[in-house]
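Participant: Next come a sequence and a model predicted from it.
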Amino acid sequence: MMIDNVIHAAVVMTTPVLLAALGGLINRVGGLVNIGLDSMMLAGALFGLIVASMTGSWPVALLAAAAAGGVVGLAMSLAVTRLQANEIIVGLGFLVAVAGLVRFFLSSAYGSSGTLSLPDVARLPRIDIPFVADVPILGAILSGHDPLTWAAWAMVPITVWFLARTRLGLRLRAVGAAPQAARALGLNPLALRDLSTVYAGVMSGLAGAYLSIGVVGIFNEGITAGRGFIALAAFYFGRNRPWATATCALLFGFFDAFQIRMQGRGIPAELVQTLPYVMVIVVLTAVAVAGRRARARRP
Amino acid sequence: MSAQVLGSTSFERPRWLRILEPLGPLAAAFALAALVLFAAGHNPIDVYTLLAVEAFGSSRRIAATLSAATPLILTGLATAVAFRAGAFNVGVEGCIFVGGLAAATVGFTFVGLPAALLLPLALVAAVLVGSLWMLVPGLLKARLDVDEVVTTLMLNFIAISLTAWLVNGPLLAPGSANSATPMIADAARLPKLMPPSTLNAGFLIAIALLGLYALWGNRTALGFETRLAGMNARFAAASGINVPMLVIKMMLLSGAIGGLAGGIHALGNVGRFVAGFSPGYGFTGIAVALLGRGSALGIFLAALLFGALANAGATIQFFSDVPIEIVDILQGTVMVFAVAQLGWIFVRRRASA
């Protein structure tokens, strides 16, 4: 069934964007706009694949990917919080430097230019749900997905709960909204901000591993295909609300699946690719116009 | 997100410190890259010596370095112009794509025109299209206070995909399988300065613009007002400067220079527009503007440095087994360190003393 295929592909394409977007969301709530999510995805994708081949175990590979992303996140965060560097420039710098490091590492250690294919890579398993799998549409939505996809969606309500109900979540929001006030209350804004960036790195690292050991099975320097920026678009578009962000990630996943399906059928893939970015600009504009109207109405 | 990136405290520091300031990030970046080289089993000093020789060792090599620096001078200038007004424009990369496509389209369409007409026409098209590309984020920032970092970043991806679509469909060269426009007419080519080197008249245009920028920034009222608006928008507004209008103007100017960078790249180097036209010139331009601290001489030196790295990095692969990516690592770390307050401990101690 074609519709089942598109739905299944859309869910697959949503997972990496959703993971990275939830990480970036927490990071932004903590007061740091993370432009460098893509670099953390790249590190996670590479180390996830290498460890999956070395150990033959996908959980260990995911741990390695999360650690790789977290380390990049920590380095980036320290540059912003301790060296007082501008977060946007640092993010762009990390994109350039990490992409260079990854390619440098590939050609030094494996003598390959841009692509890495390893033997015995442990892939993410698929969870087939009996009976549900045979139901049209519902089967495509629920069955045949890997544990990371389930975990990504489970993280959406957990993120809502974390930000609204936990001590750490409330502190993080305080740090992001008013660092000076948070400091006056005895919190350490810089440390909390570092923690949120490490978390964003961990989530992006997992997103990268999803691409390398979940979807493709090999590593390529262009494997992220700018999904870190789509994730950025998702949490900007969702305005830091987890469910809205997840909905946007799903929408972008559908665009992605749709664009792959439509290749060679008259609808130019390049134009579909621009949609997430156009939508962000439109939403930001709409929000600004609405905000101005609301201010104008106030006495 | 404030745009206080171009060393707003530079007034208080002594002159010698201001001149030496950019060397800190450079030293830090080269030290870090040396560690990477060392870890991979290369001798960093040998690699850096080889890079220097390949970049500046002969007149032919210097010409190649200047040629590689040309787009970076322009993108650095485009970025600096916007930064100066407090607009954090990271969308110069997109301007290169749309400007380059516009110049190439004029260059292969009006084949009959003489060079004296066709060449300026193609460059003007690049300037206009690049400038228009920045109109929306400029207006949104100035009128509605929409974050220009996000809009310009998003516009980069839109520009790359949009131009890729155009050269795959409507503007694809007939009979060509790859995503490229037809070659431009010979009359549209920027004349070469030192054949066979690719160094062309675009370099002279870039240098002339740098000179104008220095004059404009230090000698004109608009240049002063722009600097004021970038340093403290509220104070500038209180002094009677129309800050939103200034932001729009500077975004348009930034886009115009970015578009020109694309046009010069198309007419001087590539000879047409191809998908993947710019290897990140716009992003390197941000590093150039930051490292150059927004001054004309600083931008020239920083562009020269990155041009030398790009040029020498491409050739050392033939003579050694050092991967060319060391150049990217250097460039990225320079960007990070250029905005990091490396000397902040030192400054704070002095202030408290």
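Facilitator: That came through fine. Remember, it's a predicted structure, so these values are computed and weren't measured experimentally.
Participant: Enumerate every residue touching residue 75.
Facilitator: I went with chain A, as the question did not name one. By Cβ atoms under 8 Å, 6 or more residues apart in numbering or on different chains, the contact list for residue A:75 reads residue A:94. For the C-beta atoms, the positions are set from N, CA and C on the backbone; glycine is no exception.
Participant: Chain B was what I was after
Facilitator: Contact analysis of residue B:75 by Cβ under 8 Å, 6+ apart lists B:92-93, B:96, B:257-258, B:261, B:281-282, B:284-285, B:288.
Participant: With residue B:104 instead?
Facilitator: By Cβ under 8 Å, 6+ apart, the residues touching residue B:104 are B:122, B:181, B:184, B:266-267, B:270, B:272-273.
Participant: On the three-state scheme, the closest residue to residue B:135 other than its chain neighbours is what?
Facilitator: Ranked by Cβ to Cβ, 6 or more residues apart in numbering or on different chains and with sequence neighbours excluded, the top spatial neighbour of residue B:135 is residue B:252, at 6.5 Å. Here residue B:252 is recorded as helix under DSSP: H, G, I helix; E, B strand; the rest coil.
Participant: quick one: residue B:252 from residue B:87, how far?
Facilitator: Distance from residue B:252 to residue B:87, counting by Cβ to Cβ, to the nearest Å: 11 Å.
Participant: between the two, which one's more packed in?
Facilitator: For residue B:252 versus residue B:87, the count of surrounding residues by other Cβ atoms under 10 Å in any protein chain shown is larger for residue B:87: 26 against 20.
Participant: quick one: that one from residue B:109, how far?
Facilitator: For residue B:87 relative to residue B:109 (Cβ to Cβ), the value is 33 Å.
Participant: repeat for residue B:119
Facilitator: In terms of Cβ to Cβ, residue B:119 sits 14 Å off from residue B:109.
Participant: who has more neighbours, those two?
Facilitator: Each of residue B:119 and residue B:109 has its neighbours counted (other Cβ under 10 Å); residue B:119 has more, 24 against 19.
Participant: Now that one. Its backbone dihedrals?
Facilitator: Dihedral angles of residue B:119 (phi, psi; degrees, to the nearest 10) stand at phi -60, psi -50.
Participant: Now for it: which residues touch it?
Facilitator: Contacts of residue B:119 (Cβ under 8 Å, 6+ apart): B:187-190, B:267.
Participant: Tell me how far stretch B:118-136 lies from the chain's centre.
Facilitator: 16 Å (Cα atoms, centre = their mean, to the nearest Å).
Participant: quick one: average pLDDT of it?
Facilitator: The predicted model assigns stretch B:118-136 a mean pLDDT of 95.
Participant: ditto for stretch A:135-155
Facilitator: 88.
Participant: That one: end-to-end distance?
Facilitator: Terminal residues of stretch A:135-155 lie 26 Å apart, using Cα to Cα, to the nearest Å.
Participant: and the stretch 151-299 of chain A, which of its residues are near chain B?
Facilitator: Residues of the stretch 151-299 of chain A lying near chain B by Cβ under 8 Å from any Cβ of the partner chain: A:226, A:229, A:232-233, A:236, A:268, A:270-271, A:273-274, A:277-278, A:280-281, A:284-285, A:288-289, A:292.
Participant: from those, which ones fall inside strands?
Facilitator: Here DSSP state E is the test, and these give no hits in strands at all.
Participant: Now that we have those residues, which of them are buried?
Facilitator: Among those, those buried by neighbour count (16 or more other Cβ atoms under 10 Å in any protein chain shown) are A:226, A:229, A:232-233, A:236, A:268, A:270-271, A:273-274, A:277-278, A:280-281, A:284-285, A:288.
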